[in-house]
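Engineer: got a predicted structure plus its sequence, pasted below:
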Amino acid sequence: MTVEAEFDVVIVGSGAGGMTAALAAHNRGLSCVVIEAQDTYGGTTAVSGGIVWVPANHIIKREGSSDTPDLGRTYVDALIGDQVSPERRESFLEDGRRMLFELEQASHWFRFHWAKGYPDYYPELPGGLKEGRAIAPELLDAEELGGDLAAMTPSIATMGLKGLTITPADFHDLNMATRTWSGKRAIFRVLYRTVQGKFSKPKLTAGRALVGRLRLALRDAGIPLYLSTRVVELTTSDEGGEKRVSGVKVQRNGVESTIVARRAVIIAAGGFGRSQQLRDEYHPSPSQAEWTMTPEGQDGDGIAAGLGVGAAVELMDKIWGQPSTLVPADGTGQLRVQFLHIDRANPSTLVVNGEGKRYYNESAPYTEFANAMYVEHAKEIAPAIPSWMIFDHRGKRRYMLLRTFPMSKFPKSWTSGGYVKVAQTVEDLAAQINVPAQQLAETLRRYSSFAKEGVDEDFGKGSSVYGHYYGDPTLKNPNLAPIDQAPFYAVAVYPGDVGTKGGLKIDERSRVLSTEGKPIAGLYAGGNSSGSVMGDTYPGAGSSIGAAMVNSYSAVLDIVAGGDRVEQDTGREA
């Protein structure tokens with residue numbers, strides 16, 4: 001087998017985790033390469049909101065956050081608990097703060113701001129913050145990337161509104177465009193930014209801004225990025241009787257070769273959201289690849305490479321769940337995933353199962369609600385996959401629904417083609433979605449009565465500050481309004497995801513563990529290629545990207561054998 005190149009560290013995957021590993025390795029004088037199976041870079045990060053969640057980081061603290069390491073630890077411990085070892089939880093907290101400080105110091109491209117007001121997903125738990133801990137990348141002039149822009153993973157229309165330059169924070173305000181002054185101002189802000197981009201410098205937002213900034217930092221550092229380079233298997237060597245991962249066998253331009261890793265291989269290649277075979281093997285049923293927002297290439301190759309050298313896996317049945325709907329793509333006949341986290345929290349929406357009954361708090365965090373869909377479906381009393389999101393004319397007129405503006409009409413193809421069910425009576429709507437009409441009418445009546453009092457007595461919709469974030473602040477309960485004005489609407493809801501959550505089992509130093517529980521020498525993993533440090537939870541916006549970046553950073557610290565873990569000014573509190 002031809003040896004194509006040699007590096008100290010070979011990094012598999014070009015998302016935020018992989019690129020963070022490369023920058024951390026370069027900062028320590030290690031030679032490295034990032035290899036990517038697809039012909040574009042950025043992976044799932046590029047199609048995400050680009051938010052990063054790390055407690056008590058220096059970015060939120062310099063902007064006025066009251067967060068502390070102890071508060072962050074209290075929250076993580078309260079939410080995740082014994083699902084993950086104390087050592088892994090502590091490593092995430094400590095290395096996360098250090099990572100963000102180091103990256104900002106090392107490159108002028110690395111610029112974030114505090115997404116103040118976006119709450120932790122469980123702010124009422126001990127240590128939870130109502131103002132949140134999420135940070136978002138600053139907008140990036142697209143022209144800075146030059147030819148590298150075309151090679152970035154293209155956006156999937158799950159977050160944005162076609163043709164508009166919009167950030168995740170804009171959704172919060174735009175949803176209230178007919179209800180609050182901040183919503184009205186957001187319209188002009190987004191339009192101005194979009195027009196400005198048409199005639200001067202177009203801006204990258206969300207995940208593309210984060211990926212673009214990391215790519216520019218890699219380019220400045222001279223770190224090579226190999227696209228269309230698929231890992232076939234890991235190579236090993238025998239050093240003093242110990243088997244060690246020594247590189248990767250890859251297929252590139254139709255030719256197989258070996259890239260030698262003198263120190264280690266880091267697998268940060270994402271999960272297996274696009275592999276129907278692996279979903280069928282590990283996930284509860286039903287689990288469809290068409291329900292994931294992850295881009296092509298998320299087929300578990302990195303996990304398979306680890307299994308080939310005896311690695312253990314964990315959390316393989318878990319997803320970063322996101323209740324979604326499948327929207328007919330314009331003129332293609334295909335479907336695209338569209339998230340419903342804003343829509344579910346809207347006051348004039350509720351979700352029912354096949355009996356026409358509600359079964360969970362619609363304003364709950366998305367992974368929690370997706371898990372609840374599976375629990376309800378498994379009862380085999382009434383199907384919950386798909387469920388149905390119901391709303392009325394008042395809700396359509398007041399709020400953003402299915403990424404359409406308030407007061408606007410749905411595309412005619414949506415209603416004529418049956419994607420959006422429309423009816424003048426509840427009975428007709430019930431017939432269209434095949435649920436008992438009397439029960440659906442009772443569900444709507446009871447929900448509307450709760451809205452008048454401002455308290456959801458059944459499931460607590462609107463009982464958390466998190467739910468209020470996308471609610472209507474002009475109402476007694478921001479997440480409750482009557483659903484009683486025809487026409488009535490319904491769309492099918494599926495347990496979509498922003499990625500799979502299980503993978504190679506790692507320790508607090510991101511070392512991949514064997515089926516015997518011992519570290520596999522020379523092999524590290526992170527992000528969705530590994531079992532998540534978040535367990536089965538989702539502490540706040542950006543938890544998946546934050547964990548991926550920290551995992552990769554911790555791996556590099558271990559590769560240099562702790563030599564850089566001396567006390568220094570890293571933005572951490574003593």
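Structural biologist: The structure has been received and is ready for your questions. No experiment lies behind these values; they were computed from the predicted model shown.
Engineer: what about the strands in the stretch 301-450 of the chain?
Structural biologist: Counting by DSSP state E, counting those that start in this stretch, residue ranges of the strands within the stretch 301-450 of the chain are 313-314, 319-328, 335-339, 349-352, 387-392, 421-423.
Engineer: quick one, what contacts the residue nearest to residue 479 when sequence neighbours are not counted?
Structural biologist: Nearest non-adjacent residue to residue 479, counting by C-beta to C-beta, 6 or more residues apart in numbering: residue 462, 3.3 Å away. Every C-beta, even on glycine, is put in place using the N, C-alpha and C of the backbone. Residues counted as contacts of residue 462 (C-beta atoms under 8 Å, 6 or more residues apart in numbering) are 363, 454, 456, 468, 471, 477, 478, 479, 480.
Engineer: returning to that earlier point: closest one to residue 30 among the strands of the stretch 301-450 of the chain?
Structural biologist: In terms of C-beta to C-beta, the element of the strands of the stretch 301-450 of the chain nearest to residue 30 is strand 313-314, at 27.6 Å.
Engineer: pull the distance from the closest one to the chain's centre.
Structural biologist: 20 Å (C-alpha atoms, centre = their mean, to the nearest Å).
Engineer: ok, stretch 110-123 next?
Structural biologist: 14 Å.
Engineer: swap in stretch 183-199?
Structural biologist: When C-alpha coordinates are averaged (C-alpha atoms, centre = their mean), stretch 183-199 and its chain have centres 26 Å apart.
Engineer: who's in contact with it?
Structural biologist: Looking at stretch 183-199 with C-beta under 8 Å, 6+ apart, the contacting residues turn out to be 163, 164, 165, 166, 170, 173, 174, 175, 176, 177, 203.
Engineer: just the buried residues of the contacts of residue 462.
Structural biologist: Under a neighbour-count criterion of 16 or more other C-beta atoms under 10 Å, the subset of the contacts of residue 462 counted as buried comprises 363, 456, 468, 471, 477, 478, 479, 480.
Engineer: now residue 269: closest residue in space that isn't a chain neighbour?
Structural biologist: In space, residue 269 is closest to residue 302, 3.2 Å off (C-beta to C-beta, 6+ apart).
Engineer: who touches the one you found in this structure?
Structural biologist: Contacts of residue 302 were listed using C-beta under 8 Å, 6+ apart, and they are 12, 13, 231, 267, 268, 269, 270, 503, 504, 525, 529.
Engineer: identify, from the residues you listed, the entry nearest to residue 145.
Structural biologist: residue 13 (19.4 Å).
Engineer: can you pull out the strands in the stretch 101-250 of the chain?
Structural biologist: Listed in chain order, the strands of the stretch 101-250 of the chain (DSSP E, counting those that start in this stretch) span residues 112-114, 134-137, 140-141, 203-204, 225-226, 229-239, 242-252.
Engineer: tell me the domain boundaries of the protein?
Structural biologist: The chain breaks down by automatic domain parsing into domains covering 166-201, 232-319+499-543+555-559, 322-497.
Engineer: among those, which comes closest to residue 91?
Structural biologist: Across the domains of the chain (criterion: C-beta to C-beta), the nearest stretch is domain 232-319+499-543+555-559, sitting at 3.9 Å.
Engineer: quick one on the thing from earlier: quick check, nearest of the contacts of residue 302 to residue 211?
Structural biologist: Using C-beta to C-beta, residue 13 comes nearest to residue 211 of those, at 12.1 Å.
Engineer: now the nearest residue to residue 136 once chain neighbours are set aside: phi and psi?
Structural biologist: For residue 136, the nearest residue in space outside its immediate sequence neighbours is residue 115; the separation is 4.7 Å by C-beta to C-beta, 6+ apart. The phi and psi values for residue 115, taken as degrees, to the nearest 10, are phi -80, psi 60.
Engineer: ok, residue 170 to residue 407 distance?
Structural biologist: Counting by C-beta to C-beta, to the nearest Å, the separation of residue 170 from residue 407 is 18 Å.
Engineer: ignore the last one, residue 65
Structural biologist: Here the criterion is C-beta to C-beta. By it, residue 65 lies 37 Å from residue 407.
Engineer: higher neighbour count, these two?
Structural biologist: For residue 65 against residue 407, the residue with the higher neighbour count under other C-beta atoms under 10 Å is residue 65, and the figures read 20 against 11.
Engineer: pretty sure the more buried one sits against residue 130.
Structural biologist: No - assessed by C-beta atoms under 8 Å, residue 65 is found out of contact with residue 130, at 11.2 Å.
Engineer: go ahead and confirm residue 268 touches residue 15.
Structural biologist: Yes - distance between residue 268 and residue 15: 6.6 Å, which falls inside the contact criterion (C-beta under 8 Å).
Engineer: now for these two: what residues contact both?
Structural biologist: Common neighbours of residue 268 and residue 15, using C-beta under 8 Å, 6+ apart, are 527, 548.
Engineer: hmm, back to that, show the pLDDT at the residue nearest to residue 269.
Structural biologist: Per-residue confidence (pLDDT) for residue 302: 98.
Engineer: could you do the one 10 residues further on as well?
Structural biologist: The predicted local confidence for residue 312 comes out at a pLDDT of 98.
Engineer: for it, give me its contacts.
Structural biologist: Contact analysis of residue 312 by C-beta under 8 Å, 6+ apart lists 504, 505, 513, 514, 515, 517.
Engineer: just among those, which is most surrounded?
Structural biologist: Neighbour counts for those peak at residue 504, which has 27 neighbours (criterion: other C-beta under 10 Å).
Engineer: contact partners for that residue?
Structural biologist: 267, 302-303, 306-307, 311-313, 512-513, 525, 529-531.
Engineer: for residue 82, find the nearest of the domains of the chain.
Structural biologist: Across these, the minimum distance to residue 82, taken as C-beta to C-beta, is reached by domain 232-319+499-543+555-559, at 8.8 Å.
Engineer: chain center to that closest one: distance?
Structural biologist: The chain centroid and the centroid of domain 232-319+499-543+555-559 are separated by 18 Å under C-alpha atoms, centre = their mean.
Engineer: my read: residue 144 touches residue 215, true?
Structural biologist: No - the criterion here is C-beta under 8 Å, and residue 144 misses it with residue 215 at 9.6 Å.
Engineer: buried residues in the particular helix or strand that has residue 490 in it?
Structural biologist: Here residue 490 is covered by strand 488-500, with elements defined by DSSP states H and E. When burial is assessed from 16+ other C-beta under 10 Å, strand 488-500 yields the following buried residues: 488-500.
Engineer: closest one of those residues to residue 44?
Structural biologist: Using C-beta to C-beta, those come closest to residue 44 at residue 499, 5.5 Å.
Engineer: roughly how far does the residue lying farthest from the centre of the chain sit from residue 8?
Structural biologist: With C-alpha atoms, centre = their mean as the measure, the chain has its most outlying C-alpha, relative to the mean C-alpha position, at residue 240: 42.1 Å. As judged by C-beta to C-beta, residue 240 and residue 8 stand 20 Å apart.
Engineer: the spatially most central residue of the chain and residue 535: what is the separation?
Structural biologist: Nearest residue to the geometric centre of the chain (C-alpha atoms, centre = their mean): residue 498, 4.8 Å. Between residue 498 and residue 535 the distance, using C-beta to C-beta, works out to 16 Å.
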